[in-house]
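Novice: got a predicted structure here, sequence first:
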2 protein chains.
Amino acid sequence: MQLKTYFPILGWGRRYNRQTLTSDLVAAVIVTIMLIPQSLAYALLAGLPPEVGLYASVLPLVAYAVFGTSSALAVGPVAVVSLMTAAAVGKLAAEGTADYASAAILLALLSGAMLTVMGLFRLGFIANFLSHPVISGFITASGIIIATSQVGGLLGIKTEGHALPDLVMSIAANIGTINWYTAAVGAVALGLLLWIRLDLKNWLNRFGLPKGVATIIVRAGPVVVVFLTMAWSALFDLGGKGVALVGQVPQGLPMLSLPSFNLDTMQALLLPALIISVVGFVESISVAQTLAAKRRERIDPNQELIGLGASNLAAAIGGGYPVTGGFARSVVNFDAGAATPAAGAFTAIGIAGATLLLTPFLALLPKATLAATIVLAVLTLVDFSILKRAWAYSKADFAAVAATLAGTLLLGVEVGISLGVATSILVFLYRSSQPHAAVVGRVPGTEHYRNVKRHKVDTVPGVLSIRIDESLYFANARYLEDLIQAQVAADPEVKDVVLMCSAVNSIDMSALESLEAIQQHLGDMGVRLHLSEVKGPVMDRLTGTEFLHHLSGGVHLSQHQAMAATAALRLAEPTHPAPVLREAMT
Amino acid sequence: MQLKTYFPILGWGRRYNRQTLTSDLVAAVIVTIMLIPQSLAYALLAGLPPEVGLYASVLPLVAYAVFGTSSALAVGPVAVVSLMTAAAVGKLAAEGTADYASAAILLALLSGAMLTVMGLFRLGFIANFLSHPVISGFITASGIIIATSQVGGLLGIKTEGHALPDLVMSIAANIGTINWYTAAVGAVALGLLLWIRLDLKNWLNRFGLPKGVATIIVRAGPVVVVFLTMAWSALFDLGGKGVALVGQVPQGLPMLSLPSFNLDTMQALLLPALIISVVGFVESISVAQTLAAKRRERIDPNQELIGLGASNLAAAIGGGYPVTGGFARSVVNFDAGAATPAAGAFTAIGIAGATLLLTPFLALLPKATLAATIVLAVLTLVDFSILKRAWAYSKADFAAVAATLAGTLLLGVEVGISLGVATSILVFLYRSSQPHAAVVGRVPGTEHYRNVKRHKVDTVPGVLSIRIDESLYFANARYLEDLIQAQVAADPEVKDVVLMCSAVNSIDMSALESLEAIQQHLGDMGVRLHLSEVKGPVMDRLTGTEFLHHLSGGVHLSQHQAMAATAALRLAEPTHPAPVLREAMT
């Protein structure tokens, strides 16, 4: 049982049959065709030689097939993680050097180790701190940065940087050095890809092709564009006219090896590796869960961490760079009918074959074609509607999106996402430090107590019932003190204060001290303090404290019982008038 | 009115009379006597020439008298802030250099500006994030570090560092170079001060001295020790025997001046200045509030920020270093009868007089005397009982104390307090990301609904009522999804899920998307989703969302009404059996 949890392949492998094999093979062929140009392009985006993209599309897919739980997730190089790799490694080494490549491998190793450890220790909840607005803002900003970074490749000019200001400035500075042959290839590739995406399917349908065949042709479109521009390059010697080509690519797969360790590099890559791990995991788990829900399957987030961890470790051993589950390819994999993680392993075989057979031809491929592939792929990531939706729902969520978006665009991916997480946490802490509180009264004819300002309720003179809408902890402990002091000072008639604790989910030590102070102050004024609707876990904690021991009122199961108890106390004091129901002003 | 808020002196100044003058003058005399040796000693602790302590005890006190709201707070150099100053400035310049002194002045300027800005923008709540356990742990650790750092001064050996490991190792390394004359002075001064603190009062009482006179003599004790060791030094030429003396101190007060600006230094001091500001503010406001409560006075935290900000700006202009309200001196000031902030201004006059008249004599004072003064003052800060109390109350609070204590001792003041704040925030976030939830049922004979596991309650078959004990936000949104999915999957009879929201104080955008997903999943299973006891502010937010629009059940004012509504729904479906009350297992 334990073994099957950590090796899901032992589960689905036993049920494997001819039908699932056929489904998986079909899906693998389609994903392989899609993955070839993407893997080359994303490697360039990461600042690495194109073949590294192919290497990162072999072993990691096999590793995921063994350890992963999603039947549709297509692991491999993805745009956002490639950008993050470039940003992280670019700080340590110059593009094109051996140090750069080995730092990228080390990054995959660190990320793989972190993901695996997070999975083994069941720390998947860490990913929850990347809120949905933050992820949305980050993905949109990354899409814009990636598209902008490809302008150089499309025009044949040099660009620099991994944030918008640097990129735009370097484009502006070098715009005079456009290579018009490159620009022509770029424009044609972009135009063809766009036409394939938008119109080819309708066009093929009009010619009476079956829908399935049309879909496969559309999916193969980018590979066709690769071959077309490769032929163009060969026939018209584009390389001799200054068009940047992919160039000689080593044929065959690299030897398995462990990356060389360098303690300084490793230390510098720790934080980027963590951010890449978490972002990659969140991107991957989101698509995996969406696809699993459609088939009523279940995926295990902690085992997914292990699966992605194993993939990245495999990427490091196989000479690749950080990988994760990609959105677009996974959807294609799902639509093509992938039935088990074996589809990924078959894709790996396809890519390995391509690496052995196709690499000689790749030398002539213009890099502008790959840039066009990237631009088309990432434009779907850009979605500004999140800004509008967040603004409409809550300014706090809007602040998180805006901080992430602006931070990523202007300061880069690592700063941007950190800023987003920090903003969302700070906004949450700020809000819980200024909790909402309501004076409550009884909804007539019920035992239910609600805010006097929002509902037509009855209150009892001399009894102040306050419902505090937050857990009591250090950040709001003093706030509570001030609040009660002010409320009691405003009404000298008050003899009983009931703190309705239905929304108090915990009381920490600082808050306990504040409660003691409140109790002390109220005692000095001759006012009793009661608690009502204290939850089990909170009561467990309070039991045995000095505060509870000295509590002048009592702890009542419900607010209604607390009111009855105060009424009994008032009746026992003949000097005070008997309580009369009074209707609250609404 | 506005003016009186920002210049409290305009309020109490108008009511000033002969009686308050007398009280303030008596308190000022006593505090001045106490402050002279302390200000010299704390300046040495901060790594500054002793006269800087005197300078920091003049203008800042006047500034606080104008802007402060506490009648008893005694502003000036304090032990913990002096240690923090040494730690911050020691990273930038060598002790004894002009750069060191000007960096300390710049630190006061920055801290003053930050406090003032925080006050003007009413950001006093920031201080709430220093929880009580963190502050307690930090003060105890600081006390230990300060006492250890004075071992060198008491024995005449060199020590280094502002954290325990460095200090202990440098003491161990230099223990062979003890100057026995210094050690003798240190031992005598320490012994005398200890005797004065512990026993002198009883002794004087036994001789029949009135209690008030005895108290004043005890307070003047440290000054007497200063004069005694000064005389010893003069008569036996201790300086010639290798005992470190205070040495020539410039007579008179420094010219008012602005510190020289250096952008690099300023940048390096920004974070330390912020930490010092917040720690100083918390220390000061705690004692000010405690003393104010005893006299039923009220202090305004945001105006206190402005008061302390003005004091630090004054310290910068007057050649001092960061100051705040000290605990021990404020209590003495209060006990001595200080009636208004004017007492502080009179103390300033006293210190100014001392600076003009006494400085020639100070040259002969052994530094060991000042070290003894510091050790005695800080030993009262050390209190390990917080560890025991925190452990007994909650492991989360214990973690915060332990992290602060260990971090400060081992890694220094800035890292230590940051670690403490980070720990307390992370623990809070972790807990709220794994919220407590309870299946609830009706307490018989009431309209009150409680946890089925803790109370003997009635539930209705086919209706699952879950009370989730936390605000719903990004960190726990996915947790909620899993929880409901698991609960519903466990009971195929369930047709209605009621989410009791009495403890849900906010719902952010991520949680809203989770609710939409829950609604979708339940809908697929033919289960209705209801909400009950949704609070006003949460309802305001949900109104107009797609989620509420598509809600299959409804939103009910109380849990009791929700149960009635589900019963009505079940009765309208003739295929289902009518609901029967079932007693929950407890």
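Specialist: Yep, it's here. Note that the structure is predicted; figures quoted are calculated from it, not measured.
Novice: which one is A:Val382 nearest to, not counting chain neighbours?
Specialist: Excluding its sequence neighbours, the residue lying closest to A:Val382 (C-beta to C-beta, 6 or more residues apart in numbering or on different chains) is A:Gly143, at 4.2 Å. All C-beta atoms are positioned from the backbone trio N, CA, C, and that covers glycine.
Novice: in this structure that neighbour contacts A:Leu376, no?
Specialist: No. Using C-beta atoms under 8 Å, A:Gly143 makes no contact with A:Leu376, being 11.3 Å away.
Novice: rewinding a little: which element, helix or strand, includes the residue nearest to A:Val382?
Specialist: Assignment of secondary structure by DSSP states H and E places A:Gly143 within helix A:132-149.
Novice: chain center to that helix: distance?
Specialist: 12 Å (C-alpha atoms, centre = their mean, to the nearest Å).
Novice: now that helix: buried residues?
Specialist: For helix A:132-149, the neighbour count (16 or more other C-beta atoms under 10 Å in any protein chain shown) marks A:132-149 as buried.
Novice: then stretch A:329-349?
Specialist: Going by 16+ other C-beta under 10 Å, stretch A:329-349 has these buried residues: A:329-330, A:332-334, A:336-348.
Novice: circling back to that earlier point, output the helix holding A:Gly143 as PDB, restricted to C-alpha atoms.
Specialist: The C-alpha atoms that make up helix A:132-149 are tabulated as PDB, following Å, rounded to 0.1, in the frame of the first residue of the first chain:
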ATOM      1  CA  HIS A 132      -5.000  33.000  -7.200                       C
ATOM      2  CA  PRO A 133      -4.800  36.800  -7.900                       C
ATOM      3  CA  VAL A 134      -1.000  36.700  -7.400                       C
ATOM      4  CA  ILE A 135      -0.600  33.800  -9.800                       C
ATOM      5  CA  SER A 136      -2.800  35.500 -12.400                       C
ATOM      6  CA  GLY A 137      -0.900  38.700 -12.200                       C
ATOM      7  CA  PHE A 138       2.400  36.900 -12.400                       C
ATOM      8  CA  ILE A 139       1.400  34.800 -15.400                       C
ATOM      9  CA  THR A 140       0.100  37.800 -17.300                       C
ATOM     10  CA  ALA A 141       3.300  39.900 -16.500                       C
ATOM     11  CA  SER A 142       5.500  36.900 -17.500                       C
ATOM     12  CA  GLY A 143       3.700  36.600 -20.800                       C
ATOM     13  CA  ILE A 144       4.300  40.200 -21.600                       C
ATOM     14  CA  ILE A 145       8.000  40.000 -20.600                       C
ATOM     15  CA  ILE A 146       8.500  36.800 -22.700                       C
ATOM     16  CA  ALA A 147       6.800  38.300 -25.800                       C
ATOM     17  CA  THR A 148       8.800  41.400 -25.500                       C
ATOM     18  CA  SER A 149      12.000  39.400 -25.000                       C
END
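Novice: next up, phi/psi of A:Pro366, please.
Specialist: Dihedral angles of A:Pro366 (phi, psi; degrees, to the nearest 10) stand at phi -70, psi 140.
Novice: before we move on, back to that, mind checking which of the buried residues of stretch A:329-349 are in strands?
Specialist: The members of those all map outside strands under DSSP state E.
Novice: past the helix holding A:Gly143, which element shows up next along the chain?
Specialist: Remark: after helix A:132-149, the chain's next helix or strand is helix A:151-155, criterion DSSP H and E.
Novice: what is the helix or strand following that following helix packed up against?
Specialist: Stepping forward along the backbone from helix A:151-155, the first helix or strand reached (DSSP H and E) is helix A:164-174. Helices and strands in packing contact with helix A:164-174 are listed as helix A:132-149, helix A:151-155, helix A:395-411; criterion 3 or more C-beta pairs under 8 Å, 6 or more residues apart in numbering or on different chains; DSSP states H and E.
Novice: and the ones you listed as a markdown table, adding mean pLDDT and distance to B:Tyr321?
Specialist: Supplementary listing: the helices and strands packed on helix A:164-174 in a markdown table, determined by pLDDT from 0 to 100; distance: least, C-beta to C-beta, whole Å:
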| stretch | mean pLDDT | distance to B:Tyr321 |
| --- | --- | --- |
| helix A:132-149 | 91 | 41 |
| helix A:151-155 | 92 | 53 |
| helix A:395-411 | 93 | 35 |
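Novice: so A:Met6 sits right up against A:Gln303, yeah?
Specialist: Quick fix: residue A:6 is Tyr, not Met. Yes. Between A:Tyr6 and A:Gln303 a contact is recorded at 7.2 Å, counting by C-beta under 8 Å.
Novice: which residues are in contact with each of these two?
Specialist: A:Phe67 (C-beta atoms under 8 Å, 6 or more residues apart in numbering or on different chains).
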